[in-house]
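Peer 1: Here is my input, please return the structure:
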Amino acid sequence: MVCPIQKVGEIVVYALTTIVVLLVLQWLFVVWNLAHLRSLPPVSGKRIVYEGDRPLLSLLIPARNEERNIEACLDCVLAAVERAVASGAEIEVLVLDDRSEDATAQLVAPRAAAHPRLRLLAGDDLPPGWMGKSWACHQLARHARGRRLLFLDADARLEPDALVRVCETGAPLERGMITGFPRQVVRGAMERLVVPLMAFTIACHLPLRFVSRSADAKFAAAHGAFILIARDTYDACGGHEQFRHHLVDDVMLARAVKRVGHPLELIDVTDLINMRMYETAGEVWRGYKKNIFPGMGRNHLVFLLIFLLYAAMYIAPFIVFIYSLLSYTVFPETASIVAQAPIANTILIWSGGAYLLGVLIKAIIDYKNRIAWWHAFFLPVAILMMLLIMLDSWRTSISGQKYEWKGRHYS
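Peer 2: The predicted structure follows:
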């Protein structure tokens, strides 16, 4: 007769074996997936030549309460503009002050007065039913004169040759949209834990090959800090007005592009643009809280499945591994299941293997996104923080409370 402890041990080993198999499959998928993420080619060194008139690129920056970011952003943008114009491109830069309550407009104004390619626009009041950023982007698109629109966030920093590469590659863009996830600058503990998980979830679950090759709108991803879209495509899909009530505007724009049959491509832009999205733990929490559950379409089943899957694959094995390790070393005299079970060595090996596989997956994704590889060892803690934010995002939605961001409140 099998003793209860032995039976429990066998169940634990079976669960860990299943998790390890899933993680191996996840690792294979990530390696295959990232191989399909292309980058823009380097600067050719040749002058950009167009057929017919030079198409104007409109670089559009929505800015609300961005006094800590806007000067550095514009310094990088204008330097990149000068280099692109010298190579033959035609560019205008529009900044919309979205009813800022700080000195954003006052910081942009002298630069706009000194630079003929930069215009400062005063945003109108937010109409009922609109999300703040969608309304700002909508206004920018109305004022833009270009045949291509490049939406940037105010916390983004362009590399000096970024616009030359965009114009060389994006010059033929008459239809469709190109987007990518900027390299994330992370400094605080919460930033290091949570911010890189955005790229982690995309690499683990979204087949990047299908983003550009499938017409299905479910295979869509985007980052609002870098969206290059043809004017004809923007108008054809209805622009930001079509999803004016939705919090996750970038992904909704990507889906709208697919629905009208225009091409969408997700590329690696980590060598073109970097950004520090949040600077405090509170900003990280609020920023992800407003996006996570709405980004799932407020689907409770999807929420539950993701919550359980991530807890099982990335947190549970680590807990078992630490418990098993302590039972062998620090507390060998304890009457723990792990210490007493004849298959205790198997539990230790399989749980440790599952943890290290998770670390390997995260390290590969972090390396691709130019983030320090050692962050991967904190994956269980990072996943725990993400799940807590998910719970808060879900709780806020079902309780009828509002999400808060930059002084505005959204349902």
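Peer 1: tell me which residues of the helix or strand containing Glu283 are tucked away?
Peer 2: Assigned by DSSP states H and E, Glu283 falls within helix 281-295. Under the neighbour-count criterion of 16 or more other Cβ atoms under 10 Å, helix 281-295 has 283-295 buried. In short, each C-beta sits where N, CA and C put it, glycine included.
Peer 1: Tell me where the model's unsure across the protein.
Peer 2: Filtered on pLDDT under 70, the chain yields the residue ranges 1-6, 49-53, 170-172, 328-342.
Peer 1: and it, what are its domains?
Peer 2: 4-33+299-394, 56-291 (automatic domain parsing).
Peer 1: Met385 and Val194 touch, don't they?
Peer 2: Yes: with contact defined as Cβ atoms under 8 Å, Met385 reaches Val194; the gap is 5.4 Å.
Peer 1: before we move on, which element is Thr179 in?
Peer 2: Counting by DSSP H and E, Thr179 is part of strand 177-180.
Peer 1: What is the subsequent helix or strand relative to that strand?
Peer 2: Going down the chain from strand 177-180, the next helix or strand is strand 183-184, by DSSP H and E.
Peer 1: other SSEs contacting whatever helix or strand comes next after that next one?
Peer 2: Downstream of strand 183-184, the first helix or strand assigned by DSSP H and E is helix 189-194. Contacts defined by 3 or more Cβ pairs under 8 Å, 6 or more residues apart in numbering; DSSP states H and E place helix 189-194 against helix 281-295, helix 379-398.
Peer 1: how about those helices in a markdown table, adding distance to Ala105?
Peer 2: Converted to a markdown table, the helices and strands packed on helix 189-194 look like this (distance: least, Cβ to Cβ, whole Å):
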| stretch | distance to Ala105 |
| --- | --- |
| helix 281-295 | 22 |
| helix 379-398 | 31 |
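Peer 1: Nearest to Tyr314 among these would be which one?
Peer 2: For the helices and strands packed on helix 189-194, proximity to Tyr314 was assessed by Cβ to Cβ; helix 379-398 is nearest, at 4.4 Å.
Peer 1: how many other residues sit next to Val359?
Peer 2: By the criterion of other Cβ atoms under 10 Å, Val359 has 20 neighbours.
Peer 1: my read: it touches Phe377, true?
Peer 2: Yes: assessed by Cβ under 8 Å, Val359 is found in contact with Phe377 at 5.6 Å.
Peer 1: counting contacts, what elements does the top helix by length along the chain pack onto?
Peer 2: Scanning the chain for the longest helix, with DSSP state H as the assignment, gives helix 4-34. Helices and strands touching helix 4-34, by 3+ Cβ pairs under 8 Å, 6+ apart, are helix 197-205, helix 208-213, helix 316-328, helix 337-340, helix 344-368.
Peer 1: Can you lay out those helices as a markdown table showing distance to Leu272?
Peer 2: Shown next, in a markdown table, are the helices and strands packed on helix 4-34 (distance: least, Cβ to Cβ, whole Å):
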| stretch | distance to Leu272 |
| --- | --- |
| helix 197-205 | 15 |
| helix 208-213 | 17 |
| helix 316-328 | 35 |
| helix 337-340 | 49 |
| helix 344-368 | 15 |
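Peer 1: Among those, which comes closest to Arg148?
Peer 2: Using Cβ to Cβ, the helices and strands packed on helix 4-34 put helix 208-213 closest to Arg148, at 18.1 Å.
Peer 1: Can you point out the buried residues in the closest one?
Peer 2: Leu208, Val211, Ser212.
Peer 1: Relative to Thr17, which of those is nearest.
Peer 2: Closest to Thr17, out of all of the buried residues of helix 208-213 and judged by Cβ to Cβ, is Leu208, at 29.3 Å.
Peer 1: I'd like the domains of the chain written out as JSON lines, with distance to Ile48 added.
Peer 2: Listed next are these as JSON lines, based on distance: least, Cβ to Cβ, whole Å:
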{"stretch": "domain 4-33+299-394", "distance to Ile48": "27"}
{"stretch": "domain 56-291", "distance to Ile48": "4"}
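Peer 1: among those domains, which is the most enclosed?
Peer 2: Ranked by mean neighbour count under mean count of other Cβ atoms under 10 Å, the domains of the chain are led by domain 56-291, which reaches a mean of 19.
Peer 1: what's the straight distance from one end of that domain to the other?
Peer 2: Length of domain 56-291, first residue to last, Cα to Cα, to the nearest Å: 33 Å.
Peer 1: can you check stretch 221-235 too?
Peer 2: Stretch 221-235 has its terminal residues 19 Å apart, counting by Cα to Cα.
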